[in-house]
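> A predicted structure for the sequence below; I have some questions about it.
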Protein chains: 4
Amino acid sequence: MKAVVYKGPFEVAVEDVEKPRIQHPNDVIVNVTSSAICGSDLHMYEGRTAAEPGIVFGHENLGIVEDVGDGVTSIKQGDRVVMPFNVACGFCKNCTAGKTAFCLTVNPGFAGGAYGYVAMGPWPGGQAEYVRVPYADFNCLKLPPGTEHESDFVLLADIFPTGYHGNELAGTSPGDSVAVYGGGPVGLMSAYCALLRGAKKVFVVDRIPERLQKAEQIGAIPINFAEADPVEQIKDQTDGEGTDKGIDAVGYQARARAAGEGREEPATVLNSLVQTVRATGALGIPGLYVPADPGGPDEQAKQGMLLVAIGKLFEKGLRMGTGQTNIKAYNRQLRDMIIEGRAKPSFVVSHEVPLDEAAQAYQKFDKRVEGYTKVVLHPGR
Amino acid sequence: MKAVVYKGPFEVAVEDVEKPRIQHPNDVIVNVTSSAICGSDLHMYEGRTAAEPGIVFGHENLGIVEDVGDGVTSIKQGDRVVMPFNVACGFCKNCTAGKTAFCLTVNPGFAGGAYGYVAMGPWPGGQAEYVRVPYADFNCLKLPPGTEHESDFVLLADIFPTGYHGNELAGTSPGDSVAVYGGGPVGLMSAYCALLRGAKKVFVVDRIPERLQKAEQIGAIPINFAEADPVEQIKDQTDGEGTDKGIDAVGYQARARAAGEGREEPATVLNSLVQTVRATGALGIPGLYVPADPGGPDEQAKQGMLLVAIGKLFEKGLRMGTGQTNIKAYNRQLRDMIIEGRAKPSFVVSHEVPLDEAAQAYQKFDKRVEGYTKVVLHPGR
Amino acid sequence: MKAVVYKGPFEVAVEDVEKPRIQHPNDVIVNVTSSAICGSDLHMYEGRTAAEPGIVFGHENLGIVEDVGDGVTSIKQGDRVVMPFNVACGFCKNCTAGKTAFCLTVNPGFAGGAYGYVAMGPWPGGQAEYVRVPYADFNCLKLPPGTEHESDFVLLADIFPTGYHGNELAGTSPGDSVAVYGGGPVGLMSAYCALLRGAKKVFVVDRIPERLQKAEQIGAIPINFAEADPVEQIKDQTDGEGTDKGIDAVGYQARARAAGEGREEPATVLNSLVQTVRATGALGIPGLYVPADPGGPDEQAKQGMLLVAIGKLFEKGLRMGTGQTNIKAYNRQLRDMIIEGRAKPSFVVSHEVPLDEAAQAYQKFDKRVEGYTKVVLHPGR
Amino acid sequence: MKAVVYKGPFEVAVEDVEKPRIQHPNDVIVNVTSSAICGSDLHMYEGRTAAEPGIVFGHENLGIVEDVGDGVTSIKQGDRVVMPFNVACGFCKNCTAGKTAFCLTVNPGFAGGAYGYVAMGPWPGGQAEYVRVPYADFNCLKLPPGTEHESDFVLLADIFPTGYHGNELAGTSPGDSVAVYGGGPVGLMSAYCALLRGAKKVFVVDRIPERLQKAEQIGAIPINFAEADPVEQIKDQTDGEGTDKGIDAVGYQARARAAGEGREEPATVLNSLVQTVRATGALGIPGLYVPADPGGPDEQAKQGMLLVAIGKLFEKGLRMGTGQTNIKAYNRQLRDMIIEGRAKPSFVVSHEVPLDEAAQAYQKFDKRVEGYTKVVLHPGR
């Protein structure tokens, strides 16, 4: 079958690889109809991780079940399903506690696994015609048959729940004001979910006009940090007080405001949030921070050690929640909101392309050219 | 009246100052029978803050009501009361939300006020014969008449609720394992409260034998970090997994393990906790961090910027709660546990002395000599 | 001054009564610009309570502060304020715990007080030119100056927060389906708040076309129980499963479906909810039930004892929350949602009339004629 | 193999039945070393349900894994395991939400399944030499090898978590006062768990001296309802206020206080709790109520309709949680508390007998003679 294979920094290719097959009674094989490219795929693509050539990318997968293991109960051939990016067993201590992003079973020696990702276990990605899904009863979320809402549903694999998770970590309540740093797909989903949860006022901080326009379209207030200090801009619009909650949808590759496109300043978003959020508030950090970053700007950053305004954070009594999203905690109700017409997250999808064009799509997405914001591949269509 | 007055670094004196009087209809004047010295008083005592000579110390106050303003409803002359260290109005946005440590009324321009503390508002301390208590209906917690449990009840002003708050921030649940860094009064109270909340296994990390012995007496497991890496010691006793929760009862004056008594390493406890607590766990940070520390070991630390293992913290999906304790959220039920004989926190009190001996008590407590762990002054006895 | 005075069953009159004055340092006197008539006023109006002639009605009050006691800190003459219907002290055990509907101070011997209501303490109502507000710092919520949003803001005194409370009791989360029984003002507010909180699908059960139309206008699904069993209608629209949550916005004066306008069947809504909500769900009961109802249809009902389907409720593992609304827990953020344009609850207001016309307004509202749904009186305009 | 078989009202026999075998890749077969008799077994034993002769009883099972299906990942032959009484799939909507007592898979058409229980699905009980456990990765909780704590661990199948669940439903917090109605095994476990969670004062209401003695032994306050009205007794010991929380560990077979051993009054405990618990409190109802009780004292009771003091319940603003226990939500941490020596629930076990003596044990337990309180059978020893 065809699949997107990592060849080395800044290079992927669509190649023939072996088609997956049932290896365990609880497996299913899914014919992938949609698989999105994630910002975190670019970390590997850019050679910013330990990923070795040969890995098949793709952790945001949706498709039609083609083959079903003997132990599977609730999933049948022909079912349309979407899978959380995190592979999870459903029965370990963490999965039982709802922390499926930290499964202790699927990636021995580490808490958490994923499809098509370096160091996340032996699970080939789904930017391919087929993908093997283990513990299928647990990992497959059933969708209505047909092709409706395809671009909305595929976002249930990662970024729509991840935007929701950011709010869950921050504890966004109806009537809250929320500052979201980062207007990429996860930032836009975070703002969108804040509004779905009843936030009164949501700010999205970015510098890219297209992103800020999308933020405005969904009812958020765009803050262009290239124009002025975003902390001041937000305080000006909150009676000098700051927001109730803050969400970091950028992570460790944040760039210094003054530095233009140049220098990374990994803690700048985190520390801006400490300034932006009012005393007694909370921060949700869905944006990725890593304990080892070969490309970090200094020795400490390479080891995931960042200079954080912990004194101010404590003085304000802030709370902070971090970590990858337990997708299963949210994907069912978010699916239902899509079905009922209460949510339509696909507004972030900028491009839908056949699998064959994956290499170009990666290139353009990586450079953020031609409005490439969120790309969905369609291997199985 | 007599009061403990700050004279300058490493010097306090008991001097005559003006006796407080009712200034507002909601005030009461309390004749102080017990006022404890807090570890945070030592920050001022050591000249480690902007405190100016002349300030009257004392934020852990208990006594008998002597005079009552016209607006006060529930407090009568002769009532025995204990006051939270945080002065709070009871009606601002933060107080209404239960965040009384961040009152917006009592210390204009800042979220939070306290008695006898630099930059915490115009509220003279209670290491004195009398103290004025504003918003008395809100700030006074009534105690049974008499003198019973005096040393337990005085701890309701700060460290018993603060130990509880550490657990609340960490979310300690029955059956949890908990690592408490720091075996001083707040650390011991944190361990004690973890056990009251049903923790299965509580570790207390310190190097001072007396503290470790007290930890053991209450049912915690002492970890002497002078003997070996505390992270490894705790992992060895948790099947290599680490604990469910962690509490930082040290704060920014933490010292490097290797450095003996010498060099401060302000983030060492925080980063040890990131190593100690297992993925999906949570950290409670009652230990004080400050945005400006003139005595910090480097330029960043002086501004409250510390190198934090944020990459690892995120990878583990840890949550973190910080900030001063909203005493009123806990002092009523903790009082009742004392009355019912279910809690007896006074085991941490090492010395009870008359007000006259305050200067020597400060000296010895600051040097941690002669077993000075927690000192209660008795001005009004 | 003029005030709405209860004269006896089915009779109120606008009469001259003594103007209130400051009686305690924490009082303010408010010139009432808006005071709404509540469905619960009708319980008294209909002689269905122990209310004696002479009582001044009105617990949904908004106005301008005219006089301020010496002890008041945050409220100034000229401030525009709205008061929770529940009078509360702010410092008793229940108020401190956020349960302001159960204040232990303001109505000795009972948990909870209110303005202008039988057995709720010595607090004359605000359907009058002036009203005295005790513990004013705690009970007044400040509004922007002017007259904007007057009809929205007055609903902050009771029914907008009460609709929110129904959802809080039921635990409505984003993506939930919710069944609201009762399409009166509280039912409509409950449905409106469910949608603000992100519910995916909200049903409103009633028989009155105007109410069902309003439900539909705000995005809820109208269920006319005169046409068919509402339980079946709702199950048909939820794949046979029932809803996640249910809200009883009717209370003890519910009428049997078959009985037309005739016979009351006090537990019919409660028991319908047990059928409507799916296993593991939850019920929020803001609708009033009383321990003594002289007009109850049988001996048990007169004592507040109703036949409840407790066997089925248990089998389904339902949770249930009841009781009057702690308005202060919600009124601040709901106010802010109004200010930011995210909420506009005044769609339920059907009539705004001067104080002089109160008697007729009561008559028509009690008979539900001429579309009288929610009436706001304007004494001070 | 041998098993306890229901023969008809008041009769069970140990008979030979077919030994279970692996029927699905996710099954395991467990050699049962301990299986407790539950009070709810007596409902069937007494002919108070629709149970047909031939059913094998036993839902509190612990043993050694003998055979393992191909799909099972985490359980190996020889593992010592205890199973929740509720059979659950681990992947349906309710299981994923942690509501394993309401599994939608294992008992089609109903929310919830169990071993050896009428209408709870096709799962033979474990009062037998062997039991088949489906979805074994999810349903087996691993125990330390050996035989230590056998009588403690077997209680993890039901009553220890059920006592905990009662407190979870009521929201028992440190410092709470709690009234437990019923001093049988579940009542004692409820009181025990309240104390483990830090309750300040726990009352146990019963009339049987042995039960009241056990309550006192664990630190609870015994209330003999045969001596005086338990509501008054408890109010006398709580300053007239009542308790913060209440737990119903009796259920629908409650008997009227005045009626001696004679007449059942199914709602008497529920209504006593409404009187006992203070305004703003909460009730946890682990005690069983059923929608169909052929032996109910009147027509309504036979349909699970009981006269409940809903008026008073609402006036007090009480919350109420009901339903069978989601054992998996608690069994892991309670197991760990046993291992760490922090909990020892086996104090409730009165008798341990070989399987052969099951018939006599049922007889004596049903009559509550010879101190039969909680019986553990040992089929496989």
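Done, it's in.

> ends of stretch A:67-81, how far apart?
13 Å (Cα to Cα, to the nearest Å).

> try stretch A:288-296
14 Å.

> that stretch vs chain B: in contact?
Yes. Stretch A:288-296 lies within reach of chain B by Cβ under 8 Å from any Cβ of the partner chain, at A:288-293. No exception for glycine: its C-beta is placed from N, CA and C like everyone else's.

> and what of stretch A:316-331?
Yes. Shown here: stretch A:316-331 in contact with chain B (Cβ under 8 Å from any Cβ) through A:316-324.

> out of those, which are buried?
Taking 16 or more other Cβ atoms under 10 Å in any protein chain shown as the criterion, what is buried in the residues of stretch A:316-331 next to chain B is A:316-324.

> what are the ranges of the strands in the stretch 151-300 of chain A?
With DSSP state E, counting those that start in this stretch, the ranges of strands along the stretch 151-300 of chain A come out as A:177-181, A:201-206, A:221-224, A:243-248, A:277-285.

> make JSON lines out of these and add distance to chain C and mean neighbour count.
JSON lines is the format used below for the strands of the stretch 151-300 of chain A (distance: least, Cβ to the nearest Cβ, whole Å; neighbours: other Cβ atoms under 10 Å in any protein chain shown):
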{"stretch": "strand A:177-181", "distance to chain C": "8", "mean neighbour count": "31"}
{"stretch": "strand A:201-206", "distance to chain C": "5", "mean neighbour count": "27"}
{"stretch": "strand A:221-224", "distance to chain C": "10", "mean neighbour count": "20"}
{"stretch": "strand A:243-248", "distance to chain C": "9", "mean neighbour count": "30"}
{"stretch": "strand A:277-285", "distance to chain C": "13", "mean neighbour count": "25"}
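
> between those strands, which gets nearest to residue C:358?
strand A:201-206 (38.0 Å; Cβ to Cβ).

> return the list of strands paired to that closest one, each annotated with direction.
For strand A:201-206, the paired strands and their directions (DSSP bridges) are strand A:177-181 (parallel), strand A:221-224 (parallel).

> dump the C-alpha coordinates for the longest one into PDB.
Extracted in PDB, the C-alpha atoms of strand A:177-181 (Å, rounded to 0.1, in the frame of the first residue of the first chain):
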ATOM      1  CA  SER A 177     -12.200  35.800  29.800                       C
ATOM      2  CA  VAL A 178      -9.500  33.700  28.100                       C
ATOM      3  CA  ALA A 179      -6.300  34.600  26.400                       C
ATOM      4  CA  VAL A 180      -5.100  32.100  23.800                       C
ATOM      5  CA  TYR A 181      -1.500  32.500  22.700                       C
END
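
> for the helix or strand containing residue A:142, packing partners?
Element membership of residue A:142 [criterion: DSSP states H and E] is strand A:141-143. Helices and strands touching strand A:141-143, by 3 or more Cβ pairs under 8 Å, 6 or more residues apart in numbering or on different chains; DSSP states H and E, are strand A:80-83, helix A:331-339.

> quick one: the longest one to strand C:177-181, angle?
With axes from the mean of the first three to the mean of the last three Cα atoms, to 10 degrees defining the directions, helix A:331-339 sits at 70 degrees from strand C:177-181.
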